[in-house]
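Participant: I'd like to go over a predicted model; first the sequence, then the structure.
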Amino acid sequence: MENGGGNLEAQIELLLNVEKQMRQAGDVAGIRKAVTDILLLCFEAGAWNTLNEQIVLISKRRGQLKQAVQAMVQQAMQYIDQTPDVDTKIELIKTLNNISAGKIYVEIERARLIKKLAKIKEEQGQIAEAADLMQEVAVETFGAMAKTEKIAFILEQVRLCLDRQDYVRAQILSRKISTRVFEVDPSKEKKKKEGDGIVEEAPADIPSLLELKRIYYQLMIRYYSHSNDYLEICRCYKSIYEIPSIKEDPAEWIPVLRKICWYLVLSPHDPMQSSLLNSTLEDKNLSEISHFRSLLKQLVTMEVIQWTALWNTFKDEFENEKKMLGGSLGEKAAEDLRLRVIEHNILVVSKYYSRITLQRLADLLCLTFQETEKHLSEMVVSKALVAKIDRPIGVVSFQTAKDSNDILNLWSTNLEKLLDLVEKSCHQIHKETMVHKAALKV
């Protein structure tokens with residue numbers, strides 16, 4: 001007993017007798033009042049150890065009503081932020097966590113308690129312990145928890161996994177959130193839930209759905225940055241760019257649009273990248289950052305890009321990204337940018353040439369003979385290009401290898417065309433002969 005003395009003990013004993021009578025009588029309102037009064041007495045007296053003891057004692061009483069346990073947990077949670085020190089706070093959270101474990105009617109309260117405890121652990125620098133605590137709770141199965149609170153909880157789990165560099169678990173947890181949930185109109189969703197008394201209201205500190213969407217994609221950018229998946233990073237920035245609050249403020253959307261442009265340029269050439277590239281070029285806002293429009297235009301134009309000229313033009317912009325939203329483009333970004341320019345140039349050459357010498361190709365790409373062969377081979381292996389290198393004579397052939405069926409079909413088509421021409425010619429000869437004979441008779 002910290003401050004109350006015998007008087008506090010006597011008052012608690014009296015209220016415990018009242019609680020027993022109410023429990024035996026099945027009076028829900030009476031028992032709720034009795035247990036909350038006991039907790040209030042301990043709190044006002046500053047007797048935190050007694051408070052913990054009484055919580056455990058009341059929860060273990062024979063035939064205890066679930067409404068009493070629920071009221072007690074909810075009441076005690078209000079005292080957590082008013083504890084005198086961190087150790088007392090942790091002790092109270094652990095006590096509440098222990099009595100709510102395995103009880104479905106206080107699962108939401110338990111999730112909130114674990115979140116508070118994880119935050120304390122994180123502040124103490126124990127990231128791994130905080131992440132392990134959060135992973136114990138599967139909020140996606142909680143039917144009574146508000147949707148926004150569920151999403152916020154899972155995002156916190158993902159963030160802690162990323163902080164401890166557990167990228168595999170971060171990906172598994174992130175898949176629990178469907179991106180379609182962010183497209184729902186919040187106003188319609190609220191109206192739908194007004195008549196549903198089962199789903200609880202989300203606490204005031206939970207962000208809105210659109211803010212959660214932004215947090216989700218920022219965490220996904222962190223995840224994809226680990227593996228330098230530029231196209232997925234670009235798609236994440238594209239989703240952030242589509243948020244109405246971002247699009248309305250130029251100070252917000254200009255840095256995001258810059259990142260979209262850079263990551264599009266850094267992404268390997270494929271149909272998805274090409275589609276995103278063309279849709280970005282059609283964006284009217286791109287006129288506000290015209291030099292990025294010219295950068296994207298160079299990629300869609302089938303002309304060879306001079307690497308040195310491009311780098312001299314955009315080097316300062318590339319370096320400035322470190323000071324802007326999202327920070328640096330990555331450690332390998334400059335190297336990957338040069339690689340994308342080389343790949344673009346090889347694709348351009350393959351459009352205009354069916355056969356070319358390796359030396360001439362190396363001259364066009366401004367690379368050495370060995371580098372040209374290396375980059376060309378990598379593109380063929382990744383199936384970005386169809387090519388064959390005849391090394392003894394040093395010639396590259398960009399012609400597609402034809403299947404035997406295709407060759408036979410081509411021959412068949414050619415024969416049909418030839419026979420059609422023969423038939424037409426015979427018809428014309430016959431016609432002319434008939435006309436000539438008719439003219440002689442006259």
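Facilitator: The structure has been received and is ready for your questions.
Participant: going forward, measure contacts and count neighbours with C-alpha atoms only.
Facilitator: Will do.
Participant: where does the stretch 301-442 of the chain dip in pLDDT?
Facilitator: 323-331, 401, 442 (pLDDT under 70).
Participant: try it again at 90.
Facilitator: 301-340, 343, 345-416, 431-442 (pLDDT under 90).
Participant: list the helices and strands the longest helix anywhere in the chain packs on?
Facilitator: In the chain, taking DSSP state H as the definition, the longest helix is helix 404-441. Helices and strands in packing contact with helix 404-441 are not found; criterion 3 or more Cα pairs under 8 Å, 6 or more residues apart in numbering; DSSP states H and E.
Participant: how far away from the center of its chain is stretch 226-237?
Facilitator: From the chain centre to the centre of stretch 226-237 is a distance of 9 Å (Cα atoms, centre = their mean, to the nearest Å).
Participant: no, scratch that, I was asking about stretch 402-421
Facilitator: On Cα atoms, centre = their mean, the centre of stretch 402-421 falls 51 Å from that of its chain.
Participant: with only the CA atoms kept, save it in PDB.
Facilitator: The C-alpha trace of stretch 402-421 is given here as PDB (Å, rounded to 0.1, in the frame of the first residue of the first chain):
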ATOM      1  CA  LYS A 402      11.300 -18.200 -87.300                       C
ATOM      2  CA  ASP A 403       9.600 -21.500 -86.400                       C
ATOM      3  CA  SER A 404       9.300 -24.200 -89.100                       C
ATOM      4  CA  ASN A 405       5.500 -23.800 -89.000                       C
ATOM      5  CA  ASP A 406       5.800 -20.100 -89.600                       C
ATOM      6  CA  ILE A 407       8.100 -20.700 -92.600                       C
ATOM      7  CA  LEU A 408       5.700 -23.300 -94.100                       C
ATOM      8  CA  ASN A 409       2.800 -20.900 -93.600                       C
ATOM      9  CA  LEU A 410       4.800 -18.100 -95.300                       C
ATOM     10  CA  TRP A 411       5.500 -20.400 -98.300                       C
ATOM     11  CA  SER A 412       1.800 -21.400 -98.500                       C
ATOM     12  CA  THR A 413       0.800 -17.800 -98.500                       C
ATOM     13  CA  ASN A 414       3.300 -16.900-101.200                       C
ATOM     14  CA  LEU A 415       2.100 -19.800-103.400                       C
ATOM     15  CA  GLU A 416      -1.500 -18.700-103.000                       C
ATOM     16  CA  LYS A 417      -0.500 -15.200-104.100                       C
ATOM     17  CA  LEU A 418       1.400 -16.600-107.100                       C
ATOM     18  CA  LEU A 419      -1.500 -18.800-108.200                       C
ATOM     19  CA  ASP A 420      -3.900 -15.900-107.900                       C
ATOM     20  CA  LEU A 421      -1.600 -13.800-110.200                       C
END
